[in-house]
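A.B. asks: coords please:
(chains A and B)
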Amino acid sequence: GNSVTQMEGPVTLSEEAFLTINCTYTATGYPSLFWYVQYPGEGLQLLLKATKADDKGSNKGFEATYRKETTSFHLEKGSVQVSDSAVYFCALIGPHNAGGTSYGKLTFGQGTILTVHP
Amino acid sequence: NAGVTQTPKFQVLKTGQSMTLQCAQDMNHEYMSWYRQDPGMGLRLIHYSVGAGITDQGEVPNGYNVSRSTTEDFPLRLLSAAPSQTSVYFCASSYSGDRGNSPLHFGNGTRLTVT
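C.D. replies: Now for the predicted structure:
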């Protein structure tokens, strides 16, 4: 079955530091890949996505590239802010068969807690 | 738009009690789902629905029932609560197009404690 593995947290950084959160996946075929973010007391929000190999998703200064050869989708940001403190989830849907859909049945990683200090 | 609304925000139950977690969305999304979030385990899919009158089981369905009588509502029922069901529950919905790649919209969660 599908699975997603994220780097162990928590991750603690100073403001303006470089962020990497590793994510690798196991799936047959070609899944779509996502990063979701959860701020304290809230539900998850889509941060970025990539639906095919070599696609780069980006949003709010965050980026992740779909690497089929290494089955990875690592999240990066060049300069984090205190407001980026949250839990980050890597997730996948699929694989999609010809003409089919997985209707949003996401498989999530365990989440990585990020804390950014001033 | 309210998006996805979950009630209640918090609930404490005794073992064996039953309750219903409510979920409503006002975005006319066909797809709705329930996840539970447990420390170190990410989110796991409990049940999902691809439209009114259609439901199916996810990864961890035991102990939970769902129904989908309208597009807007997707309640989750615990028939006989157990301490193992202590968790944070999230309802989510999405547009069913784009072959499942449409983003999920999440509610703010219900924190359930079973004693």
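A.B. asks: three-state assignment of the closest residue to residue B:10 other than its chain neighbours?
C.D. replies: Using Cβ to Cβ, 6 or more residues apart in numbering or on different chains and skipping the chain neighbours, the partner closest in space to residue B:10 is residue B:111 (5.0 Å). For glycine as for every other residue, the C-beta is placed from the backbone atoms N, C-alpha and C. At residue B:111 the chain is in strand, as set by DSSP: H, G, I helix; E, B strand; the rest coil.
A.B. asks: could you check how many residues crowd around residue B:111?
C.D. replies: A total of 15 residues lie near residue B:111 under the criterion other Cβ atoms under 10 Å in any protein chain shown.
A.B. asks: tell me how far residue B:65 lies from residue B:30.
C.D. replies: Applying Cβ to Cβ, to the nearest Å, the value for residue B:65 to residue B:30 is 20 Å.
A.B. asks: more neighbours: those two, which one.
C.D. replies: A direct count of neighbours by other Cβ under 10 Å for residue B:65 and residue B:30 places residue B:30 higher, at 19 against 14.
A.B. asks: and that one, how close does it get to residue B:74?
C.D. replies: The gap separating residue B:30 from residue B:74 is 11 Å, by Cβ to Cβ.
A.B. asks: residues near residue B:31, how many?
C.D. replies: Residue B:31, neighbours per other Cβ under 10 Å, totals 23.
A.B. asks: also residue A:112?
C.D. replies: Look at residue A:112: counted by other Cβ under 10 Å, it has 20 neighbours.
A.B. asks: where are the low-confidence patches of chain A?
C.D. replies: A:95-104 (pLDDT under 70).
A.B. asks: so what pLDDT did the residue nearest to residue B:10 get?
C.D. replies: Model confidence at residue B:111, given as pLDDT, is 96.
A.B. asks: just the strands from chain A, written as ranges.
C.D. replies: Ranges of strands in chain A, per DSSP state E, are A:3-6, A:11-14, A:19-21, A:23-26, A:32-38, A:44-50, A:56-59, A:62-65, A:75-77, A:86-93, A:107-108, A:112-117.
A.B. asks: can I get those strands in a markdown table including distance to chain B?
C.D. replies: Formatted as a markdown table, the strands of chain A follow (distance: least, Cβ to the nearest Cβ, whole Å):
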| stretch | distance to chain B |
| --- | --- |
| strand A:3-6 | 8 |
| strand A:11-14 | 15 |
| strand A:19-21 | 13 |
| strand A:23-26 | 11 |
| strand A:32-38 | 5 |
| strand A:44-50 | 4 |
| strand A:56-59 | 11 |
| strand A:62-65 | 15 |
| strand A:75-77 | 15 |
| strand A:86-93 | 5 |
| strand A:107-108 | 4 |
| strand A:112-117 | 10 |
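A.B. asks: list the contacts of residue A:24.
C.D. replies: A:4-5, A:70-73 (Cβ atoms under 8 Å, 6 or more residues apart in numbering or on different chains).
A.B. asks: who wins for neighbours among the residues you listed?
C.D. replies: residue A:73 leads these on contacts (other Cβ under 10 Å) with 29 neighbours.
A.B. asks: quick one: low-confidence ranges for chain B?
C.D. replies: Ranges of chain B meeting pLDDT under 70: B:1, B:96-101.
A.B. asks: what residues does it have near chain A?
C.D. replies: B:4, B:31, B:33, B:35, B:40-45, B:48, B:50, B:58, B:90, B:92, B:94, B:96, B:99-104, B:106-109 (Cβ under 8 Å from any Cβ of the partner chain).
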